[in-house]
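*Asks:* coords below, sequence missing:
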């Protein structure tokens, strides 16, 4: 009799844990669907609306007239090393 009681208690406990597990999985799925996968209305912008907003591009070239930019000088050209200067055939040999 006592053994049957513990088996019934274990089955009842397993059913309760299964129910809790299903509820947790359902809530997690709902949160992911609402918050992660479903786009918000502010993100739903068509490409034409985006391009209409960004159509005008202005480049201000007055910054290039600043004295600091005019004082810059070109660096001398560096030639590539010759074949003898590149290194050893086997870099791992002593």
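*Replies:* The structure has been received and is ready for your questions. Please read these numbers as outputs of a predicted model, since none were measured by experiment. Residues are numbered from 1 along each chain as shown.
*Asks:* any idea how far the spatially most central residue of the chain lies from residue 28?
*Replies:* Nearest to the mean C-alpha position of the chain, by C-alpha atoms, centre = their mean, lies residue 36 at 14.0 Å. Computed as C-beta to C-beta, to the nearest Å, the residue 36 to residue 28 distance reads 11 Å. (C-beta placed from N, C-alpha, C; glycine too.)
*Asks:* and residue 14, by the same measure?
*Replies:* Taking C-beta to C-beta, one finds residue 14 at 21 Å from residue 28.
*Asks:* quick one: contacts for the residue nearest to the centre of the chain?
*Replies:* The contact partners of residue 36, taken as C-beta atoms under 8 Å, 6 or more residues apart in numbering, number zero.
*Asks:* quick one: pLDDT of it?
*Replies:* Residue 36 is assigned a pLDDT of 72 by the prediction.
*Asks:* ok, residue 47 - how many residues close by?
*Replies:* Applying other C-beta atoms under 10 Å, we find 7 residues neighbouring residue 47.
*Asks:* cool, and residue 13?
*Replies:* 10.
*Asks:* now do the same contact list for it.
*Replies:* If you count contacts by C-beta under 8 Å, 6+ apart, residue 13 has none.
*Asks:* in which helix or strand would I find it?
*Replies:* Residue 13 is part of helix 2-32, with elements assigned from DSSP states H and E.
*Asks:* helix, strand, or coil at residue 88?
*Replies:* coil (DSSP: H, G, I helix; E, B strand; the rest coil).
*Asks:* distance of residue 4 from residue 10?
*Replies:* 11 Å.
*Asks:* if you could redo that for residue 46, that was the one I meant.
*Replies:* 58 Å.
*Asks:* by mean pLDDT, point me to the weakest helix or strand of the protein.
*Replies:* With mean pLDDT, DSSP states H and E as the measure, the helix or strand of the chain carrying the lowest mean pLDDT is helix 47-53 (a mean of 70).
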